[in-house]
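with the input below, show me the fold.
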Amino acid sequence: MPNTPAAVSYVMPVLNESGYLEAAIASIVSQDHPGEFEIVLAVGPSTDGTAEIVDRLVAADERIRIVDNPGMDIPIGLNLAIAASRHPVIVRVDAHTELAPGYTSRAVATLARTGAASLGGVMIATGKPGLQAAVARAYNSRFGLGGGAYHGEQAAEGPAESAYMGVMRADALREIGGFDETLRRGEDWELNYRLRQAGHIVWLDPLLRVSYWPRSTLLKLHRQFFATGVWRGELVRRLGTRNPLRFFAPPILLISVVLTAILLPLHLAGVLSGWPVLVFVLVVYLGPLAYLGLLVVAALTTPGSFADRLRLMVVLATMHLSWGAGFLVGVVRGARDVVDRSRTES
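Numbers count the residues shown, from 1 in each chain. Coordinates of the predicted model:
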């Protein structure tokens, strides 16, 4: 029947999410979309009690099903879950996210209204007091993640480069072969790139909101961003200049910081001389100085105590420099077997 609401399959990769999984599932079950739905969990070999939570959730709700994802890779898990899905609309949800009320109804309506093959909304990071809250502020800040539209609450609706937590047409995913299983990070951007290359529309609807719980320690944050940077470097090797220019800012910053650390002692010791050399040295210094100024501005324009602002500066530097280091590794030698171990190692 033409007026039958679209049926929806929620797909979710799950690995070591005992602290967040139940809230993520609850945010799905409480959606007001009138159509039929199912939840397909791609479950990796967790070590924190997640498996027991999954078993309890499956036993309590027949709409929840599982597929095994023994290799833990997110793109493989997503493809397994999508292959096991039965409905024409695929909604990706991560286990450390929560959908806002009305998310699915609006997303399905926007798919129909725009003819998009993939659409996403805005990430609203949230964290418990302390370092996780600082990480959340960094994610939400315009200084944090480098210009992706889905990180800004003031983003405008329209065609987009990629889609955060994509709401996708299953037929379009089948057409392009689903997620690239050779990637371990950056799979969303690469999938939406292929959709756009195939002539499909990728859309941003900023009224779609997803709450995201980021990493809660600096070590985990470093591991996450280093791995993400490595795989972005791998995508640069594969796609070259078809990557946005903003992705090159963190590695350039890191190079300038390293050069400054090398040149400054030589400069102070009087080893460096001559106008051409000194001009080069001063140009190198501009990168770290400008970045330090950016961190200060970010801290001063963020509400909170002195400790909160100091944590924000440390978090931003960790994110940017870890990502930049990973990017350089990925460009120079390729991603190889690098994985994000921030949720599997303490």
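
neighbours of the residue nearest to V257 when sequence neighbours are not counted, how many?
Take V257 and drop its neighbours on the chain: the residue closest to it by C-beta to C-beta, 6 or more residues apart in numbering is P288, 5.2 Å away. The C-beta positions use only the backbone N, C-alpha and C, and glycine is treated the same way. Neighbourhood size, P288 [other C-beta atoms under 10 Å]: 17.

how about V332?
Residues contacting V332 under the criterion other C-beta under 10 Å number 9.

what separates whatever helix or strand it lives in from the chain centre, distance-wise?
Taking DSSP states H and E as the definition, V332 sits inside helix 306-333. Its chain's C-alpha centre and that of helix 306-333 lie 15 Å apart, by C-alpha atoms, centre = their mean, to the nearest Å.

one more: stretch 85-100?
Relative to its parent chain, stretch 85-100 has a centroid offset of 15 Å by C-alpha atoms, centre = their mean.

list the buried residues of stretch 276-284.
281, 284 (16 or more other C-beta atoms under 10 Å).

what distance separates it from the centre of its chain?
Here stretch 276-284 is found 37 Å from its chain centre; the criterion is C-alpha atoms, centre = their mean.

residues contacting it, please?
256, 259-260, 263, 267, 272 (C-beta atoms under 8 Å, 6 or more residues apart in numbering).

so how do I select the buried members of those residues in PyMOL?
Here is the PyMOL selection string for the buried members of those, based on 16+ other C-beta under 10 Å:
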select buried, resi 256+259+260+263+267
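
dump the contacts of stretch 276-284 to CSV, plus secondary structure and pLDDT.
Formatted as CSV, the contacts of stretch 276-284 follow (DSSP: H, G, I helix; E, B strand; the rest coil; pLDDT from 0 to 100):
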residue, secondary structure, pLDDT
S256, helix, 95
L259, helix, 95
T260, helix, 94
L263, helix, 93
H267, helix, 88
L272, coil, 84
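
widest-spaced pair of the contacts of stretch 276-284?
S256 and L272 (16.2 Å; C-beta to C-beta).

circling back to that earlier point, ok, so of the contacts of stretch 276-284, who is nearest S9?
S9 lies nearest to S256 out of the contacts of stretch 276-284, by C-beta to C-beta, at 46.4 Å.

hey, where'd the strands end up in the stretch 101-250 of the chain?
Ranges of strands in the stretch 101-250 of the chain, per DSSP state E, counting those that start in this stretch, are 118-125, 158-159, 167-169, 202-212.

and the ones you listed, which is most packed in?
strand 167-169 (a mean of 25; mean count of other C-beta atoms under 10 Å).

which other residues reach that strand?
Under C-beta under 8 Å, 6+ apart, the answer for strand 167-169 is 88-92, 104, 107-108, 110-111, 116-120, 208.

and with 10 Å instead?
Residues outside strand 167-169 that contact it (C-beta atoms under 10 Å, 6 or more residues apart in numbering) are 6, 8, 10-11, 82, 88-93, 103-104, 106-108, 110-111, 115-121, 175, 178, 191-192, 195, 200, 202-203, 205, 208.

what about that strand, average pLDDT?
Across strand 167-169, the average pLDDT comes to 98.

sheet partners, orientation included, of that strand?
strand 89-92 (antiparallel), strand 118-125 (antiparallel) (DSSP bridges).

right, and G71 touches N79 too?
No. The criterion here is C-beta atoms under 10 Å, and G71 misses it with N79 at 11.4 Å.

give me the common contacts of the two.
E181.

the two: which is more packed in?
A direct count of neighbours by other C-beta under 10 Å for G71 and N79 places N79 higher, at 22 against 14.

OK, contacts around the more buried one?
Per C-beta under 10 Å, 6+ apart, neighbours of N79: 11, 42, 67, 69, 73, 173, 177-181, 187.

against T344, how distant is R336?
According to C-beta to C-beta, to the nearest Å, R336 and T344 sit 18 Å apart.

same drill for those two, tell me which one is more crowded.
Neighbours around R336 and T344, counted as other C-beta under 10 Å, are more numerous at T344. The numbers are 16 against 9.

all helices for the chain, in order.
Along the chain, counting by DSSP state H, helices occupy 21-29, 50-60, 74-83, 103-114, 131-140, 170-176, 187-197, 218-239, 249-268, 275-300, 306-333.

hmm, back to that, make sure the residue nearest to V257 is actually in contact with I252.
No. With contact defined as C-beta under 10 Å, P288 and I252 do not form a contacting pair (11.4 Å).

so what's R184 scoring on pLDDT?
R184 is assigned 89 on the pLDDT scale.

contacting residues for it?
71-76, 227-228, 230-231, 234, 335, 337-340 are the contacts of R184 under C-beta under 10 Å, 6+ apart.

go again with 7 Å.
Each residue near R184 by C-beta atoms under 7 Å, 6 or more residues apart in numbering is listed here: 73, 231, 335, 339.

follow-up on the earlier one: nearest to F143, of the contacts of N79?
Of all the contacts of N79, F143 sits closest to E187, with 25.4 Å by C-beta to C-beta.

please consider this matter closed, and thank you.
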